[in-house]
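Engineer: Next one to model:
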Amino acid sequence: MSKTWIVATLACAIALTACEGRTRIASVTTPAGGSPAPPAAAATPTSAPVPIPDKPASFSEFAPTIAKYLTANPAAAGDNCLADVVAAWKLPLLTAANACIAANTDEDPESEVVAVLTTKLTTPTVSTDTQFEIVVFDPAPGGFKVAYESDPSDVVPPGTTLPIAPLLAAGDLNKDGGGELAYVTSSCGASTCFATVHIFKGTASGYVALTPPGGITMPYAEAKFEDTDGDGTKELLLTGGTQGSVGAGPQRARTEIWAWNGLAYALRTTRLDKATFLYHAVKDADTLFAAGKYAEAEAAYAAVVGDTSLKVWLEEKQERNELESYSLFRAGLAHLLAGGDTAKANGYFDRAKSYHPQTLHDQIAGSFKAGYNAKGSVGIGCAAVRDDIAANLAEYQAFWDFGYGNPPFDADAICPF
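Structural biologist: Residues are numbered from 1 along each chain as shown. Coordinates of the predicted model:
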């Protein structure tokens, strides 16, 4: 059975304390087909113990110092996987379990040593007092070499005390016969923290990124690799996406699946969590409408009307009345576009017009009904709607402003015919 190291996933920060007390775990996977063998010996060990080197004063010297130590003492790359160095150097926020694994991360069949190295900053910054880096030590002929070294990344928030575990996965993730490496970094702004997944593969010319430039980023994300379609290739699942600022508007989490396409990891699907806000339920109906699925859109619009389990974001905007009136107007429009009868469509429009005090959207329902019934043309009805919106554009823009985390108002999409 292959080894699995259970680690905490970075989300708002690398430390669990930055995730509002929620435990978030993911697996660091190693190649299938049995526990990964320790890297091949790069030098003939002597009978005398090899002393652990003194901890360098400079963080930039950690990796080359450990490479020399592994060359002189290949056994340190075995089951304890640099645990002696982690303990002797008192590397902050690391344990023997989360600091190091042996796994294949390149195109040859041998396993590399993949390590997390940390340091306390002598002069803390606003964003951190501890940094970490990911290092791959390759048992090359003549001794271990540093094959990959990430840029130092911040451990956020400052003052983190729980162990960190940025290594996400290593081994043959994309079923190409070689190996890959995935890890997570985190950064925080004034109100929102972001997790970024980096995926690399060792090649003859060095380690190359298998993600879009800069990695794959999502706010407050949990990350894991999983074979979601049974083809033997592991996909990256990112779950999160909410933002911490009130200005972002009503929030809705999502799960993104990033899949190997033969060249890189690309976004395959986005699955939104079930809507809890009325606004998001309406936007789901809008998506069906925009896709030309008019019968489904009609049903979705009708379903939100009177559903008080769906929350409103700002009561003072008459949000429920406006969104229900809008939904009834769109249900009637969808009904006509699906080939439905005028009588049922007019029933929707009349219900939309009944909202009091008068709303923006009961006005457009009335305008559309009058225009459509006069000429029997959806285009004539939509022209009347566009005139209404143009005459009150600032009010429509203000109402449909649901924060920067949601789509901007598109006047042309209200009645796009």
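Engineer: which stretches of this protein form helices?
Structural biologist: 62-72, 83-89, 278-290, 294-304, 319-337, 342-353, 360-375, 378-391, 393-399 (DSSP state H).
Engineer: and of the ones you listed, who's closest to Cys415?
Structural biologist: Closest approach to Cys415 among these (CB to CB): helix 378-391, 3.8 Å. C-beta coordinates here come from the backbone N, C-alpha and C atoms, glycine included.
Engineer: Give the rounded mean pLDDT of that closest one.
Structural biologist: For helix 378-391, mean pLDDT rounds to 96.
Engineer: now do stretch 207-219
Structural biologist: Stretch 207-219 comes out at a mean pLDDT of 96.
Engineer: Same question for stretch 127-146.
Structural biologist: Stretch 127-146 carries an average pLDDT of 95.
Engineer: Centre of the chain to that stretch, how far?
Structural biologist: 26 Å (CA atoms, centre = their mean, to the nearest Å).
Engineer: go on, stretch 211-229?
Structural biologist: For stretch 211-229, the distance to the chain centre is 5 Å (CA atoms, centre = their mean).
Engineer: Equivalent analysis for stretch 144-151, please.
Structural biologist: On CA atoms, centre = their mean, the centre of stretch 144-151 falls 26 Å from that of its chain.
Engineer: Mind listing residues that contact that stretch?
Structural biologist: 39, 42, 63-64, 67-68, 70-71, 74, 77, 105-106, 112-113, 133-138, 140, 181, 183, 198, 200, 202, 206-207 (CB atoms under 8 Å, 6 or more residues apart in numbering).
Engineer: ok, back up a step: okay, the helices of the chain, which one's buried deepest?
Structural biologist: helix 319-337 (a mean of 24; mean count of other CB atoms under 10 Å).
Engineer: buried set for stretch 85-101?
Structural biologist: Within stretch 85-101, the residues that count as buried by 16 or more other CB atoms under 10 Å are 85-86, 89, 91-94, 98-101.
Engineer: for stretch 134-142, same thing?
Structural biologist: Buried, per 16+ other CB under 10 Å, within stretch 134-142: 134-140.
Engineer: Which one of those residues is nearest to Arg320?
Structural biologist: Checking those one by one against Arg320 (CB to CB), the nearest turns out to be Ile134, at 49.1 Å.
Engineer: Which members of the buried residues of stretch 85-101 define the maximum pairwise distance?
Structural biologist: Pro92 and Ile101 (19.3 Å).
Engineer: and the buried residues of stretch 85-101 as CSV, adding distance to Glu324?
Structural biologist: Converted to CSV, the buried residues of stretch 85-101 look like this (distance: CB to CB, whole Å):
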residue, distance to Glu324
Val85, 64
Val86, 59
Trp89, 63
Leu91, 58
Pro92, 55
Leu93, 51
Leu94, 54
Asn98, 51
Ala99, 55
Cys100, 57
Ile101, 54
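Engineer: out of the residues you listed, which are inside strands?
Structural biologist: 100-101 (DSSP state E).
Engineer: Take the buried residues of stretch 85-101 and write them to a markdown table, including pLDDT and distance to Gln397.
Structural biologist: Compiled in a markdown table, the buried residues of stretch 85-101 are given as follows (pLDDT from 0 to 100; distance: CB to CB, whole Å):
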| residue | pLDDT | distance to Gln397 |
| --- | --- | --- |
| Val85 | 96 | 60 |
| Val86 | 95 | 56 |
| Trp89 | 97 | 58 |
| Leu91 | 97 | 53 |
| Pro92 | 96 | 50 |
| Leu93 | 97 | 47 |
| Leu94 | 96 | 51 |
| Asn98 | 91 | 49 |
| Ala99 | 94 | 53 |
| Cys100 | 94 | 55 |
| Ile101 | 93 | 53 |
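Engineer: Find the residue at the geometric middle of this structure.
Structural biologist: The chain has Met218 as the residue nearest its centroid, 3.4 Å off, counting by CA atoms, centre = their mean.
Engineer: hey, what's it bridged with?
Structural biologist: Ala195 (DSSP bridges).
Engineer: hang on, it packs against Leu238?
Structural biologist: Yes: assessed by CB atoms under 8 Å, Met218 is found in contact with Leu238 at 4.8 Å.
Engineer: residues bridging contact with the two, i.e. touching both?
Structural biologist: Contact criterion CB under 8 Å, 6+ apart; residues shared by Met218 and Leu238: 195, 256.
Engineer: just to revisit the earlier point, and of the buried residues of stretch 85-101, the nearest to Lys274?
Structural biologist: For these, with Lys274 as the reference and CB to CB as the criterion, the closest is Asn98, at 33.8 Å.
Engineer: which one among the buried residues of stretch 85-101 gets closest to Glu315?
Structural biologist: Leu93 (44.2 Å).
Engineer: how close does the closest one get to Leu310?
Structural biologist: Separation of Leu93 from Leu310 (CB to CB, to the nearest Å) stands at 42 Å.
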